[in-house]
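J.: for reference, the sequence and a predicted model appear below.
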Protein chains: 2
Amino acid sequence: MASSAVSYAKENQQKFLGELKDLLRIPSVSTAPEHKEDVRRAAMFVADEMRRIGLENVDVIPTKGHPLVYGDWLHAPGKPTVLCYAHYDVQPPDPLNEWLTPPFEPTERNQNIYARGAVDDKGQLWMEIKAVEALMRANNGKLPLNVKFIIEGEEEVGGESIAAYVREQKAKLKADFALVCDTELFAPNLPTLCVGLRGLVYTEIEAQGPKTDLHSGMYGGAAPNPFFALIEIISKLKDSKGKILIPGFYKGMKAPSKDELKAWKRLPFKEEHYRKTEVGSKVLTGEPGYSVLYRTWARPTLEVHGMPGGFTAPGAKTVIPARAFAKVSMRLVPNQDPDDVLKKYTKYVKKLTPKGIETNIKVFSKGPACVVGTNNPFIKAATQALHEVFKKDTVFIRSGGSIPIVTDFQDVLKIPSVMMGFGLPDDNLHAPNEKFHIPNFYRGIESIIRFFEKLGE
Amino acid sequence: MASSAVSYAKENQQKFLGELKDLLRIPSVSTAPEHKEDVRRAAMFVADEMRRIGLENVDVIPTKGHPLVYGDWLHAPGKPTVLCYAHYDVQPPDPLNEWLTPPFEPTERNQNIYARGAVDDKGQLWMEIKAVEALMRANNGKLPLNVKFIIEGEEEVGGESIAAYVREQKAKLKADFALVCDTELFAPNLPTLCVGLRGLVYTEIEAQGPKTDLHSGMYGGAAPNPFFALIEIISKLKDSKGKILIPGFYKGMKAPSKDELKAWKRLPFKEEHYRKTEVGSKVLTGEPGYSVLYRTWARPTLEVHGMPGGFTAPGAKTVIPARAFAKVSMRLVPNQDPDDVLKKYTKYVKKLTPKGIETNIKVFSKGPACVVGTNNPFIKAATQALHEVFKKDTVFIRSGGSIPIVTDFQDVLKIPSVMMGFGLPDDNLHAPNEKFHIPNFYRGIESIIRFFEKLGE
């Protein structure tokens, strides 16, 4: 039986989508200093909507970085309290020329809405807010449980401000569990809860060679080239099979349980289909002896994301640059300590640095991996709600990505997270032509409504 | 005894410098498509000046790339004919933020003129034109020898158009020798002729991995990363000591003669001073067992100039890019064939390309090394002229850079080149704050006047 809140949500689908488009038009790219004001604008937009639907104590909280948005409704004594989390910041849209329609002009095609942030995470943030709106409108301004929202604007850049806020405001954020909407369905129409995330250490190595850019004809053969130094260093951080060579890197790491590995084998995963449709490369890479899901969910990796410096415009310039940079990140798995990994990494990079070159490492973000338990009433209610919407049993997966705040909720607030997400594997997160499948936006709203109703029974 | 042409040149130094500044204000960056019109403007500027001083048959010759400028004066029967070469195009000014004054606003400081192209090569081009002007003005419009000018606008991008033109117009360009003003003094106040140049093969490797940019959290461990592939490949092209590992790369190479090596040892070269003041790094690099001059003048090298692609803006983006690029060049020495080297390089890069990655190589320029003979009347007259100006014996050096046209003059026109240049080792060629020492600009003009007068005697 559909509740009246579900009916309200169904009747207002077009309105919800229109509002989401307005939010998507704000280029809240958190890593780009020139978008600082846009990020703030997105926070205001979220806060205004929270107030409009009837949340209380709504506040845009300034931080050292981008603002947090808080709001609550706490008038359901005896009922559980949920802490709703999502983020309103987005990844940079580069490379711009690969977008079919502009990243900040949301466009509908084939039941999808295309825009940077469509699924990561503005669309999913909007599901949470719209579920609460539907419940309020259908119940004379009342909710079946107590609700707190804490929405951040730095998820794509490490989430330092929310991490600090959680530590400072334990009482204010006290709840029974967190609802985190920032993950995806394992396959279309397959209800999914994510129960594990990899951690992340994201760095930039700066290599300095000559004091100034030099003519490679005049000085080639005598002047140290910082690009070649970075190439020498990074080629020794990981071997061609994907094994990371930093001494002590794998020490103490915790592998998934046998039961979890067995469950992964039952998931509807076709490696060849994944290779062709998602990755689109001739072969997949990675450590031999591990399945794709194991490699991407529960094995650490090391990647290079960009190497700024020198001459990067079209054409030729015969320069030995004074400086070159490499953006290098590592994904971590349970029981790897980010600080320890960073220490070992830094030490090894310094050791590998050739004579004549100075290296410096800048850290953009670091957070540990996280595995949440499945044996609690919140996960149970979530699977029931998802069954009502999808008519299928929920699968439990992990994600190779990182949501550092889930670890903080667990370690600092001592609450489990329900990671209920409605993205699809081909939604192009962090890539050109990011999209959100519109029916999943609606099913997300309905699932959250039913989930909250169940917890209020 | 100073000739009346020398007197004219001395009286008009300020005027000559002012004109040079006007030329330096034109941002004729030949590698940048957006400067195409500026490059053409520089060609017109040069042609107008040639006409103004009294050269005949002046012509701006269109090519597939940037225009050539031709002009001549051929009324000295029985006297030698010189083919004056220089280039009016310049390197890109990046990185812009390291210039103390803007690269296209020529500025005088400490007897230097600072601007992109000041010494490479607009200042030296202007020396040739002003020497001819002085000779004409002092001799009722007559020159002591026959003069042809062929000035190009693609020296910094491989010089394809002039190479083709030389092949097509052998008769028109027929001369007894070429005067090439695009090199430098070995040390301040030390008259110098360059008698050897390295060749160049400049390429860009494109590596393609996934079909689109991917989230490194979701796909790290399964998707091939084109940056890491480039790092793996390039790390195997050259070892940490500077030895190039491309099979067959060194085959057939010709080393300098024992006499030449002995003469290099007598040059006033202090390795420690060079390291500190020119390179500015903690140590110098390169192949053990070879001197710095040997390594930079007569040993081949392989350098990386830039690695565009992925995320290069400030901050963090967790992306496995679909594509990454590496600008890689090789300097060649005598008897290395650029086509053969390119073939071996391409084959080896393909062989090193890891599974899951496709590589493609684009060639921006290629030209062989060149050594010119010193036993001819033109070199003798040049050393006499230089002695009159500097009161010192001329030293013969090589350059690690490349002036491909010198090889063409030798192979196609069958004429030797006199490479008489007046730059200084710290003139920041191809780097921020390029300069030309103003007294050397004037001494260059006087040297060319005396050189031409001697040949006309």
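T.: Ah, there it is.
J.: report the separation between residue A:37 and chain B.
T.: Relative to chain B, residue A:37 is positioned 16 Å away (Cβ to the nearest Cβ, to the nearest Å). Placement of C-beta: from N, CA and C, glycine included.
J.: try residue A:375
T.: Between residue A:375 and chain B the distance is 26 Å, computed by Cβ to the nearest Cβ.
J.: same deal with residue A:351?
T.: In terms of Cβ to the nearest Cβ, residue A:351 sits 13 Å off from chain B.
J.: ok, residue A:230 - contacts?
T.: Applying Cβ atoms under 8 Å, 6 or more residues apart in numbering or on different chains, we find residue A:230 in contact with A:205, A:207, A:307, A:324-326, B:231.
J.: so what's the gap between the helix or strand hosting it and the chain middle?
T.: Using DSSP states H and E, residue A:230 sits within helix A:226-235. Here helix A:226-235 shows a centroid-to-chain-centroid distance of 29 Å under the convention Cα atoms, centre = their mean, to the nearest Å.
J.: let me see the mean pLDDT of that helix.
T.: Regarding helix A:226-235, the rounded mean pLDDT is 98.
J.: report the inter-axis angle for that helix versus helix B:226-235.
T.: With axes from the mean of the first three to the mean of the last three Cα atoms, to 10 degrees applied, the angle from helix A:226-235 to helix B:226-235 works out at 110 degrees.
J.: how about the helices in the stretch 101-250 of chain A?
T.: A:123-138, A:160-168, A:216-219, A:226-235 (DSSP state H, counting those that start in this stretch).
J.: ok, for residue A:35, nearest residue in space, not its chain neighbours?
T.: Closest residue to residue A:35 apart from its sequence neighbours, by Cβ to Cβ, 6 or more residues apart in numbering or on different chains: residue A:29 at 4.3 Å.
J.: that neighbour and residue B:323, how far apart?
T.: Noted for residue A:29: a distance of 22 Å to residue B:323, by Cβ to Cβ, to the nearest Å.
J.: what residue ranges in the stretch 351-457 of chain A score low on pLDDT?
T.: Along the stretch 351-457 of chain A, no part satisfies pLDDT under 70.
J.: what about whichever residue of the stretch 251-400 of chain A sits closest to chain B, how many neighbours?
T.: The minimum distance from the stretch 251-400 of chain A to chain B, using Cβ to the nearest Cβ, falls at residue A:280 (2.6 Å). Per other Cβ atoms under 10 Å in any protein chain shown, the neighbour tally for residue A:280 reads 15.
J.: what's the closest non-adjacent residue to it?
T.: Of all residues apart from its sequence neighbours, residue B:211 sits closest to residue A:280 (Cβ to Cβ, 6+ apart), at 2.6 Å.
J.: do residue A:352 as well
T.: Per Cβ to Cβ, 6+ apart, closest to residue A:352 is residue A:233, 4.5 Å.
J.: surely that neighbour touches residue A:353?
T.: Yes. With contact defined as Cβ atoms under 8 Å, residue A:233 counts as touching residue A:353 (6.3 Å).
J.: tell me which of these two has more neighbours.
T.: Using other Cβ under 10 Å, the more surrounded residue of residue A:233 and residue A:353 is residue A:233, with 24 against 18.
J.: what residues are up against the nearest residue to residue A:187 once chain neighbours are set aside?
T.: In this structure, residue A:187 finds its nearest non-sequential neighbour in residue A:268, 5.4 Å apart by Cβ to Cβ, 6+ apart. Residues near residue A:268 by Cβ under 8 Å, 6+ apart: A:186-187, A:190.
J.: pull the number of nearby residues for the residue nearest to residue A:35.
T.: Count around residue A:29 with other Cβ under 10 Å applied: 28.
J.: make sure it is actually in contact with residue A:89.
T.: Yes. With contact defined as Cβ under 8 Å, residue A:29 reaches residue A:89; the gap is 7.3 Å.
J.: need the overlap of contacts for these two.
T.: When contacts are counted by Cβ under 8 Å, 6+ apart, residue A:29 and residue A:89 are jointly contacted by A:39, A:156.
J.: where does pLDDT dip in chain A?
T.: The model of chain A has pLDDT under 70 over residues A:1-2.
J.: give the contact list for the residue of it most remote from its centre.
T.: The centre of chain A is farthest from one residue, residue A:218, which by Cα atoms, centre = their mean lies 46.9 Å away. Taking Cβ under 8 Å, 6+ apart, we find residue A:218 in contact with B:296, B:399-401, B:425, B:429.
J.: ok, the residue nearest to residue A:101 when sequence neighbours are not counted - how many residues close by?
T.: Leaving aside its sequence neighbours, residue A:101 sits nearest to residue A:107 (Cβ to Cβ, 6+ apart; 4.1 Å). The number of residues packed near residue A:107 is 18, by other Cβ under 10 Å.
J.: could you list the buried residues of stretch A:330-338?
T.: A:330-334, A:336, A:338 (16 or more other Cβ atoms under 10 Å in any protein chain shown).
J.: can you give me the domain assignment for chain A?
T.: Listed domain ranges for chain A are A:4-197+A:369-456, A:199-256+A:298-367 (source: automatic domain parsing).
J.: how far does the first one sit from its chain's centre?
T.: So that's domain A:4-197+A:369-456. Offset of domain A:4-197+A:369-456 from its chain centre (Cα atoms, centre = their mean): 11 Å.
J.: same check on the shortest one?
T.: Using Cα atoms, centre = their mean, the mean C-alpha position of domain A:199-256+A:298-367 is found 23 Å from that of the whole chain.
J.: near chain B, which residues of the stretch 1-150 of chain A show up?
T.: Within reach of chain B by Cβ under 8 Å from any Cβ of the partner chain, the stretch 1-150 of chain A has these residues: A:31-33, A:91-92, A:94-95, A:98.
J.: what's the most distant pair in those residues?
T.: Within these, A:33 and A:98 form the most distant pair, 23.6 Å apart (Cβ to Cβ).
J.: gap between residue A:269 and residue A:275?
T.: From residue A:269 across to residue A:275, the span is 11 Å (Cβ to Cβ).
J.: ok, and for the helix or strand harbouring residue A:57, which residues are buried?
T.: Element membership for residue A:57 (DSSP H and E) is strand A:56-61. Residues of strand A:56-61 classed as buried by neighbour count (16+ other Cβ under 10 Å): A:58, A:60-61.
J.: in TSV, list those along with distance to residue A:284.
T.: As requested, those are arranged in TSV below (distance: Cβ to Cβ, whole Å):
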residue	distance to residue A:284
A:58	46
A:60	44
A:61	43
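J.: any idea how far stretch A:357-369 is from the chain center?
T.: Its chain's C-alpha centre and that of stretch A:357-369 lie 19 Å apart, by Cα atoms, centre = their mean.
J.: for the residue nearest to residue A:280, which residues are in contact?
T.: Contacts of residue B:211 by Cβ under 8 Å, 6+ apart are A:279-281, B:322.
J.: which of the residues you listed count as buried?
T.: Judged by 16+ other Cβ under 10 Å, buried ones among these: A:279, A:281, B:322.
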